[in-house]
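here you go, sequence then predicted model.
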Amino acid sequence: MNKKNIEEKVKTAVENSTPDMISEIKADAMSKEQSAAPIMASKPSRKKNWLVRRLAIGFMCIAVLICGGIGIYGYNANHAVASEISFDVNPSMTMTVNKKERVLSVTANNADAERVLEGLDFSGSTYEVAVNAIIGSMLRTGYLSELSNSVLVSVKDGNAARSKDIETKLFEEIERIFTIEKFDGAILTQSLTDNSELSKLAEEYGITMGKANLINHILVALENSKVAEGGTTETYTFRDLVGFTINELNVLAQSLNIGTDDISSSGTASKEGYIGDAAALEKALGYAGVDQSALTGRTETEMDYEHGAIVYEVSFRDGTYEYECDLNALTGEFVKLKKEVINKPQITGEIKTEAEISELSKAAAGLDAQAEIKNSETEYDREDREYEIKFVSGDFKYEIEILEDGTIISVEKEMTGSFQQGGGQHGNRITEAEAKSIVMGAAAVKAERYGIEFNESLITEYECETERENGVWIYEIEFKCSGFEFEYLINASNGAVIKGEAEKG
């Protein structure tokens, strides 16, 4: 109801409530004139005084109710929160909007968001104007870059139609900005409803409901992919993924081909910070001890998640064995290798003793006879006439399948403990050397794009500092090379590149 309608209803209410006394007064005056009798002033009756007072009080009550209604309507339209919009990249922030689609507040959820919002004032602006400023600031500060190009927008509104409308408009606005800036970005958008489970997770881990919802979808897809592979299912936890940036989560989502009704996506998540498919294949062949000339058939490289890290999962064959090798996508460090015979042979040779089988299993694992073995387990399958041997040696665990005659059926080697994305087994922090390695790889890619000569021998004024921001340790690395100044921020808990800039100077 607008102001004009309210005023008309007030007028109608007053007119209908006021008695029409004009005709009575005129008739009374004419009768007195005709009788020529002197007109004497008479005192109003108590009944009429009571009626007038009652009418006046009624008018006042109507006016108060209507004015109060106008006031409440105006307050709700201008000050009450109608929609809540969150933006996640690595910076995370939450915007509240009223029914008139005007911004009420924008709150930084972490230190990175504080940098993005510094100096910005959204008072009275529409959410389209606000998102324009926010995305522009993320591009200027390097949080949105060729290394990390994904943004997640989540809209929470009790009105489903309005929520979807806002989601669509924001998607179109961000896409328009990316086009103007000639930025190859990736956009994820979703509409949310009240959900106690998501709210609890968001509060517990200090993230938005939008990011919590995306992580839940990825966890389901990861579990389903392991079941589909026919292997033993691994238990993934919410905590495993909560420290990942939106770009890392988007890389996983796209690799797992996640298709959901409630998350819309556009563009391809950046993989510029990773070593690349070609380098991943080269390293995988080295870990497997297979020469590229021996390969038969196609090789496949996919992104996956293992031991707290995004990994390349590389598959290939050499005519005898089928291989699957996982390696850290940022550093190329080994994670897991499995090889299995393509066609299982028949037992034709001399039957080996259990002691001989044990020695053969060590050799198949690439260990010498003096290698220390722990937690050894041996199982024998009478039907298939094969041994399954499990043991731990050094930082790796092994699982070997061998026929009675010593023929190797399969070998699986996997690192123990948590990988922590950056490559080190140092609790929740990668080392400075690992952070430097990540930066050198990322800077080399950037230098190639800019046509800059780059190698470590040309680097001057190298500095590396650590600082704790919003409960997370960060490596800040700066250096100069070929007339350019490089600056990188690395998440010390998972090795993610938060920021990467190169400026001439």
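Received, thanks.

all contacts plus neighbour counts: C-alpha atoms, from now on.
OK.

just how off-centre is stretch 408-418 within its chain?
Going by CA atoms, centre = their mean, to the nearest Å, the spacing between the C-alpha centre of stretch 408-418 and its chain's C-alpha centre is 31 Å.

buried residues in that stretch?
With burial defined by 16 or more other CA atoms under 10 Å, the residues of stretch 408-418 counted as buried are 408-416, 418.

need the max-distance pair from those.
Largest separation among the buried residues of stretch 408-418 by CA to CA: 408 and 418, giving 28.7 Å.

report pLDDT for the residue nearest the centre of the chain.
With distances taken as CA atoms, centre = their mean, the chain has residue 246 as the residue nearest its mean C-alpha position (3.6 Å). Model confidence at residue 246, given as pLDDT, is 94.

next one: the nearest residue to it once chain neighbours are set aside from residue 221, what distance?
Taking CA to CA, 6 or more residues apart in numbering as the measure, residue 246 lies nearest to residue 89, with 5.2 Å between them; neighbours along the chain are not counted. Using CA to CA, to the nearest Å, residue 89 is found at 21 Å from residue 221.

settle it for me: which of those two has more neighbours?
The neighbour comparison of residue 89 against residue 221 (other CA atoms under 10 Å) goes to residue 89, with 24 against 18.

which parts of the stretch 351-500 of the chain are strands?
Using DSSP state E, counting those that start in this stretch, the strands of the stretch 351-500 of the chain run over residues 374-381, 386-393, 396-403, 408-415, 460-469, 472-481, 484-491, 497-504.

actually the stretch 151-300 of the chain, not the one I typed
For the stretch 151-300 of the chain, applying DSSP E, counting those that start in this stretch gives strands covering 186-192, 263-266, 296-306.

winner for burial among the ones you listed?
Of the strands of the stretch 151-300 of the chain, the one with the most neighbours on average (mean count of other CA atoms under 10 Å) is strand 186-192, at a mean of 22.

residues contacting that one, please?
Residues outside strand 186-192 that contact it (CA atoms under 8 Å, 6 or more residues apart in numbering): 149-157, 163-164, 167, 171, 174-175, 210, 262-269.

can you say which of the residues you listed are buried?
Taking 16+ other CA under 10 Å as the criterion, what is buried in the contacts of strand 186-192 is 149-157, 163-164, 167, 171, 174-175, 210, 263-265, 268-269.

circling back to that earlier point, dump the strands of the stretch 151-300 of the chain into JSON lines; add distance to residue 96 and mean pLDDT as well.
What follows is these, written out as JSON lines (distance: least, CA to CA, whole Å; pLDDT from 0 to 100):
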{"stretch": "strand 186-192", "distance to residue 96": "14", "mean pLDDT": "95"}
{"stretch": "strand 263-266", "distance to residue 96": "21", "mean pLDDT": "91"}
{"stretch": "strand 296-306", "distance to residue 96": "35", "mean pLDDT": "89"}
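
kindly reformat those strands as a markdown table containing distance to residue 320.
Listed next are the strands of the stretch 151-300 of the chain as a markdown table, based on distance: least, CA to CA, whole Å:
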| stretch | distance to residue 320 |
| --- | --- |
| strand 186-192 | 41 |
| strand 263-266 | 41 |
| strand 296-306 | 10 |
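
so which of these is nearest residue 474?
For residue 474, the closest of those is strand 296-306, at 22.5 Å, according to CA to CA.

who are the packing partners of that closest one?
Where contact means 3 or more CA pairs under 8 Å, 6 or more residues apart in numbering; DSSP states H and E, strand 296-306 is packed against helix 246-255, helix 277-288, strand 309-317.

switch the cut-off to 10 Å
Packed against strand 296-306, as judged by 3 or more CA pairs under 10 Å, 6 or more residues apart in numbering; DSSP states H and E, are the following elements: helix 209-228, helix 238-242, helix 246-255, helix 277-288, strand 309-317, strand 321-328.

CA atoms of the shortest one as CSV?
So that's helix 238-242. In CSV, the C-alpha atoms belonging to helix 238-242 read as follows (Å, rounded to 0.1, in the frame of the first residue of the first chain):
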residue,chain,number,x,y,z
PHE,A,238,34.1,-31.0,6.3
ARG,A,239,37.2,-29.9,8.1
ASP,A,240,39.4,-31.3,5.2
LEU,A,241,37.9,-28.7,2.8
VAL,A,242,37.0,-25.7,4.9
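
and stretch 135-154, which residues are buried?
Along stretch 135-154, these residues count as buried under the neighbour rule (16+ other CA under 10 Å): 135-139, 141-154.

may I have the distance across it, first residue to last?
Start-to-end span of stretch 135-154 (CA to CA) is 15 Å.

residue 180: neighbour count?
9.

pLDDT wise, what is it at?
Residue 180 is assigned a pLDDT of 95 by the prediction.

how near is it to residue 354?
Taken as CA to CA, the span from residue 180 to residue 354 is 70 Å.

what of residue 272?
Shown here: residue 272 relative to residue 354, a distance of 49 Å by CA to CA.

those two: who's more crowded?
For residue 272 and residue 354, the more surrounded residue by other CA under 10 Å is residue 272, and the numbers stand at 17 against 13.

what about that one, distance to residue 328?
Looking at residue 272 against residue 328, where the rule is CA to CA, the gap reads 14 Å.

go on, residue 384?
The value you get for residue 384 to residue 328, if CA to CA is used, is 35 Å.

more crowded one of the two?
residue 328 (29 against 10).

any low-confidence regions in the stretch 1-150 of the chain?
1-79 (pLDDT under 70).

again, only using 90
For the stretch 1-150 of the chain, residues meeting the criterion pLDDT under 90 lie at 1-82, 90-91, 100-101, 109-113, 115, 121-124, 141-142, 145-148.
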